[in-house]
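> sequence and predicted structure, then a few things I'm wondering about:
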Amino acid sequence: MSAPVHSPEPVERAAATASLANKFLMAGLAGLAVTALGLVVGDARGVALSYVVGVSYWVAIAVGMLLLIIIHHLTDSGWSTVIRRQFEHGTSAFTWLAVLFLPLLVSAWMKPGFIWPWMDTGHVIHGGHTVGTDPLYVKKSGFLNLPMFTGMSVAFFGIWIGLSALFRKASFAQDHDGDPKWTYRNRRTAAAGIVLTALSLSFAAIYWMKSLEYHWFSTMYGVWFFANCMRGAMAIGVVITFWLYHRGDYKGIYNTNQLHCLVALAFAFVVFWAYVTFSQYFLIWNANVPEETFWYNIREHGDWVWVGMLLLFGHFFYPFLMWLSYRRKATLGPALHVSCVVAVVILIDLCYNVLPALKDEQDQPLPFLSLNLLWVLSSVVGIGGICAWSYLRSFSTAKLIPIRDPRIVESLTHHEATAPESGAVPAAH
Amino acid sequence: MKKNFGIIAAFDTVPQFYQACEQVRDAGYSQWDALTSFPIHGLDYAMGVRRSKVPRFSLAGGITGFCTGMSFIAWLGWVEYPLVVGGKPMFSPMFAFPVSYELTILFTAFATIGGMFFLNKLPMHYHPVMKAPQFVRALDDRFYIVIEANDPKFNAAATRDLLAKAGGKDIVEIEE
């Protein structure tokens, strides 16, 4: 790892951060404008589902960051103190994600059934019946109805915004007074927060994505989304680390061992994602019940089968085999490379779960390679730009690391009892 | 007279000991060891110890376990006892996967433990250092460096000088 070419003074860095934030804001607004334009010129439902993918993608990453903070406090971790601050900045995006979710909520009330077919009981399903007479809907109608959907979605964002605000406030306050009571307070918040976050992310995945095909059953769905949340947050965490290291902020702060811990955790979740995703497929394959198998059947139609293969190899085999080696976990370049692959494949995973709900006249899924990918891209750039802007705005309001956290020294001197290899980030010896 | 095993030197403080290890490492010795009563962070770095080779055994064990599971179930379904269950094929990697996955973990664990024992030359019931009376204090409050006589750079006088210059005390030769 070559040393940064130049390490600008703090004032220049602050200016660079502000200008970067503006660029992200511009990119975000442009992305949202293109998406809005798509509603007019393109297939409106395709654009709307692409937007669902975009919102889910950034919600997954933000929820993953929230979970990493919660797990840090619950396990009283040492090593992750230095990176935790970046996740605290990342969770500032929940407010904006709630705002960006509003169009979906408005469309649900204005045009029920436009995005989620079960919202319109008059919607004609395959076979000529309507949703209202479909036993599989009637039995689920206590859960799948518009007031529940609205209330739950508001509650999800309420929980996420509330928890992240509590963690952020306590962590930033500790920078000023160094009082350990903030650490204890965060630990209590985390204990309640882990339950609330686990439930809310599971139900969000069920309401927003799984219910697009409400006939389907899978007890693994929430866990699958959780796996993607964690993987997304850690992938973005590595990207942030790379940026801060190369800009010089992390020089002498971040070392091989902290990076190794972060990527080792990401590696564990590679296996976890594969375990969960395989379990879902395997149980449905084995039980062979039509209400469940149809979901995978439509995903073996057309080019979706190749998307499934891409997930198998890109979401599991590639990161798994790459990160088996210590060097690729403890060196910033390879860690970043694999993290970027993971970040892209998570998006494809969400597309795989959402977009086949778009059907043609024969009730077959529309192909993956279509104009919808443009709207997915514009939604992801649009919402991601706003999230990155929110992160950078928060970034400039607090110290780079929680300097008065009781565990900060332990984190800075974190040692994994292993000699660094050549080419690794220089350890702070 | 018995064969000389090597030279042992004592150190009283951790920083002194740590720096002595760095000096021995930089002098190019390979057959030597550091004796401490508790783990010293970064000592492996000071000693120039490379990363363990155990993961290679683990990987080999894992691949063996996975292939064992898959091929065993394929042989069972296709050759030994072909039986249609639940309308499924005679063999599919789907239903063979959970067992293969478990065998991957099992064989990885075996290979890791076995590889660790093999690389450490365990079990080892006798080591010349244990015979030296100093060894008792390595378990208590002192730190020792032992440089073995079979090291290609070993030279009784020069090695003794190096250890003395690094601050070593009570430098003695120990027998095989």
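Great, that's in hand. Residues are numbered from 1 along each chain as shown, chains lettered A, B, ... in the order given.
> going by C-alpha atoms from here, please, whenever you check contacts or count neighbours.
OK.
> for the residue of chain B found nearest chain A, pull up the helix or strand it's in.
With C-alpha to the nearest C-alpha, the shortest gap between chain B and chain A falls at residue B:45, namely 4.7 Å. Secondary-structure element containing residue B:45, defined by DSSP states H and E: helix B:43-47.
> same for the following helix or strand past that helix, what does it pack against?
Next along the chain after helix B:43-47, taking DSSP H and E as the criterion, comes helix B:54-75. When contacts are defined as 3 or more C-alpha pairs under 8 Å, 6 or more residues apart in numbering or on different chains; DSSP states H and E, helix B:54-75 packs onto helix B:93-119.
> and the helix it packs on, what's buried?
Of the residues in helix B:93-119, B:95-101, B:103-112, B:114-116 count as buried by neighbour count, 16 or more other C-alpha atoms under 10 Å in any protein chain shown.
> what's the answer for stretch A:396-403, then?
By neighbour count on 16+ other C-alpha under 10 Å, the buried set for stretch A:396-403 is A:398, A:400-403.
> dump the residue contacts of the residue nearest the centre of chain B.
Geometric centre of chain B, nearest residue: residue B:120, 4.2 Å, by C-alpha atoms, centre = their mean. With C-alpha atoms under 8 Å, 6 or more residues apart in numbering or on different chains as the criterion, no residue contacts residue B:120.
> so residue A:96 sits right up against residue A:384, yeah?
No - in this structure, residue A:96 sits apart from residue A:384 without contact. The criterion is C-alpha atoms under 8 Å, and the distance is 10.4 Å.
> between the two, which one's more packed in?
Summary of the neighbour comparison: residue A:96 and residue A:384, criterion other C-alpha atoms under 10 Å in any protein chain shown, with residue A:384 having more neighbours (26 against 15).
> for the strand or helix carrying that one, name the packing helices and strands.
If you go by DSSP H and E, residue A:384 is part of helix A:372-395. Contacts defined by 3+ C-alpha pairs under 8 Å, 6+ apart place helix A:372-395 against helix A:10-41, helix A:44-74, helix A:81-90, helix A:94-110.
> what angle sits between that helix and helix A:10-41?
150 degrees (axes from the mean of the first three to the mean of the last three C-alpha atoms, to 10 degrees).
> helix A:372-395: how far from the chain's middle?
Relative to its chain's centre, helix A:372-395 lies at 12 Å (C-alpha atoms, centre = their mean, to the nearest Å).
> ditto for stretch A:134-149
In terms of C-alpha atoms, centre = their mean, the gap separating the centre of stretch A:134-149 from the centre of its chain is 27 Å.
> for stretch B:93-105, same thing?
Once both centres are worked out by C-alpha atoms, centre = their mean, stretch B:93-105 turns out to sit 30 Å from its chain's centre.
> what mean pLDDT does that stretch have?
On average, the pLDDT along stretch B:93-105 is 94.
> same question, stretch A:355-365
Averaging pLDDT residue by residue across stretch A:355-365 gives 91.
> between the two ends of it, what distance do you get?
Between the opening and closing residues of stretch A:355-365 there is a gap of 8 Å (C-alpha to C-alpha, to the nearest Å).
> outside of it, which residues touch it?
For stretch A:355-365, with C-alpha under 8 Å, 6+ apart as the criterion, the contacting residues are A:45-46, A:49-50, A:126, A:212-213, A:298-299, A:301, A:366-368.
> these, buried ones only, as a ChimeraX selection?
Under the burial definition 16+ other C-alpha under 10 Å, those of those that qualify are selected in ChimeraX by:
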select /A:46,49,50,212,213,298,299,366,367,368
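> ok, the contacts of stretch A:355-365 vs chain B, which is closest?
Once C-alpha to the nearest C-alpha is applied, the member of the contacts of stretch A:355-365 that ends up nearest chain B is residue A:299, at 17.3 Å.
> find the nearest non-adjacent residue to that closest one, please.
The spatial neighbour of residue A:299 that comes closest, neighbours along the chain excluded (C-alpha to C-alpha, 6 or more residues apart in numbering or on different chains), is residue A:305 at 6.0 Å.
> host element of residue 160?
As the question left the chain open, I've gone with chain A. Assigned by DSSP H and E, residue A:160 falls within helix A:146-177.
> not quite, go with chain B.
Assigned by DSSP H and E, residue B:160 belongs to helix B:156-165.
> what does that helix rub up against?
If you take C-alpha under 8 Å, 6+ apart as the criterion, helix B:156-165 is touched by B:7, B:9, B:20, B:24, B:147, B:149, B:171.
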